[in-house]
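S.K.: coordinates only, sequence not included:
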């Protein structure tokens, strides 16, 4: 690495650190203002650790902004001091001068990708140290067209519910059985119900009954022959003190995740939702799938922000600083305009999630390339005309 390359790399690293520090400071001030009562009651060690973890979870979104600011400020100050023209006059290309910065951008993109992948562990640390919601009301689980679960209240941490109503249907959409229980718990990969009643209906699979061990058995002799859906009275009614239901292996974890907003889920949690949700093609998964690919593409934003900045700035090293600021603001406005538009397309399933998530990044990169090529052509044509 030559002296010029080391100098530019040092300048870029300095501005990157200052930009990241500034953004983190603003983020900490926002956290403190939002949870002022919590911080005033907690001890200092708790606050510092919780703030650090919260800030780390936002790094994948702060790093690309810091890379863009560092690249812009480095080139701007080199231009203001006349150093950039001196470097280029000595036949050093801008690719040679900034190749270490581009390599740093690739490394920071990889670091951002690690934060994206292991964001669930950071989120778990936040949930264990900071304020969290341990229970929710009106919790529901819909398992295709087979079962519908409804809890008046559900403990998200211990996977226990109060006042359960479970509706099961046969292949033709008719009632198969219903369970009402005062308590229900997910334990050892099966549901255990306490203090409730079981209603069995004649269905296409037969009549569901409860044996002496509290498990469901099916009387095939009472199978329903009428294929038309319709309301019927239960043929079996029994109260129970405790009952197991191995037939319905409906893990509540996935439904606990989709009860939250997609933006609050980590990368691995989003992957679990997309991989384990009973209805893979459900419209309900559109926002979660879009958020998943949005995190994937965001990991490349650090590298793309550096390259786009250099393409816009280095096409004419003699351009004024005010012009650079206007071009940068227009580029940022273009990116967030496409991002907002693609949010609607991806979250509603109008476009495939992988395409709608990629459009803001690839569109901005292509715009920078087109601007660089057109500007170079115009400058060359102008010089030829003057000659």
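M.R.: Perfect, I can see it now. The structure displayed is predicted, hence computed values, not measured ones.
S.K.: For the stretch 151-300 of the chain, which segments count as helices?
M.R.: 252-258, 267-276, 286-298 (DSSP state H, counting those that start in this stretch).
S.K.: what helices or strands is the longest one leaning on?
M.R.: Under the contact criterion of 3 or more Cβ pairs under 8 Å, 6 or more residues apart in numbering; DSSP states H and E, helix 286-298 touches helix 59-80, helix 94-117, helix 267-276, helix 321-347, helix 353-386. For glycine as for every other residue, the C-beta is placed from the backbone atoms N, C-alpha and C.
S.K.: and the angle from it to helix 267-276?
M.R.: 130 degrees (axes from the mean of the first three to the mean of the last three Cα atoms, to 10 degrees).
S.K.: quick one, helix 286-298 and helix 94-117 angle?
M.R.: 140 degrees.
S.K.: what angle separates helix 286-298 from helix 59-80?
M.R.: 40 degrees.
S.K.: What's the first helix or strand after helix 286-298?
M.R.: The element immediately downstream of helix 286-298 (helix or strand, assigned by DSSP states H and E) is helix 301-313.
S.K.: returning to that earlier point: the helices of the stretch 151-300 of the chain: lowest mean pLDDT?
M.R.: When the helices of the stretch 151-300 of the chain are compared on average pLDDT, helix 252-258 comes out lowest at a mean of 79.
S.K.: Would you indicate which residues of that one are buried?
M.R.: 252, 254, 255, 256, 257, 258 (16 or more other Cβ atoms under 10 Å).
S.K.: The second one reaches residue 273, doesn't it?
M.R.: Which is residue 254. Yes. Counting by Cβ atoms under 8 Å, residue 254 touches residue 273, with 6.0 Å between them.
S.K.: any common contacting residues for those two?
M.R.: The contact sets of residue 254 and residue 273 do not overlap (Cβ atoms under 8 Å, 6 or more residues apart in numbering).
S.K.: Can I get the helices and strands packed on helix 286-298 in TSV including distance to residue 306 and mean neighbour count?
M.R.: TSV is the format used below for these (distance: least, Cβ to Cβ, whole Å; neighbours: other Cβ atoms under 10 Å):
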stretch	distance to residue 306	mean neighbour count
helix 59-80	5	21
helix 94-117	4	18
helix 267-276	23	17
helix 321-347	13	15
helix 353-386	11	15
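S.K.: among the ones you listed, which is nearest residue 23?
M.R.: helix 59-80 (4.9 Å; Cβ to Cβ).
S.K.: gap between the following helix or strand past the closest one and the chain center?
M.R.: Following helix 59-80 in sequence order, the next helix or strand is helix 83-89 (DSSP H and E). Offset of helix 83-89 from its chain centre (Cα atoms, centre = their mean, to the nearest Å): 43 Å.
S.K.: Same check on stretch 243-259?
M.R.: Relative to its chain's centre, stretch 243-259 lies at 23 Å (Cα atoms, centre = their mean).
S.K.: contacting residues for residue 78?
M.R.: Per Cβ under 8 Å, 6+ apart, neighbours of residue 78: 8, 11, 84, 87.
S.K.: and if you look at residue 277?
M.R.: 254, 258, 285.
S.K.: just residue 236 next, same as before
M.R.: Contacts of residue 236 (Cβ under 8 Å, 6+ apart): 198, 199, 200, 207, 208, 209, 210.
S.K.: now residue 255
M.R.: 139, 140, 141, 149.
S.K.: Tell me which of the helices and strands packed on helix 286-298 lies nearest to residue 52.
M.R.: For residue 52, the closest of these is helix 59-80, at 11.0 Å, according to Cβ to Cβ.
S.K.: So for the closest one, mean pLDDT?
M.R.: Average pLDDT, helix 59-80: 84.
S.K.: relative to helix 321-347, how tilted is it?
M.R.: Counting by the same axes, to 10 degrees, helix 59-80 lies at 160 degrees to helix 321-347.
S.K.: Now do helix 59-80: distance to the chain's middle.
M.R.: Counting by Cα atoms, centre = their mean, helix 59-80 comes out at 25 Å from the chain centroid.
S.K.: Ok, stretch 107-117 next?
M.R.: Centroid separation for stretch 107-117 versus its chain: 14 Å, with Cα atoms, centre = their mean.
S.K.: cool, stretch 282-297 as well?
M.R.: 7 Å.
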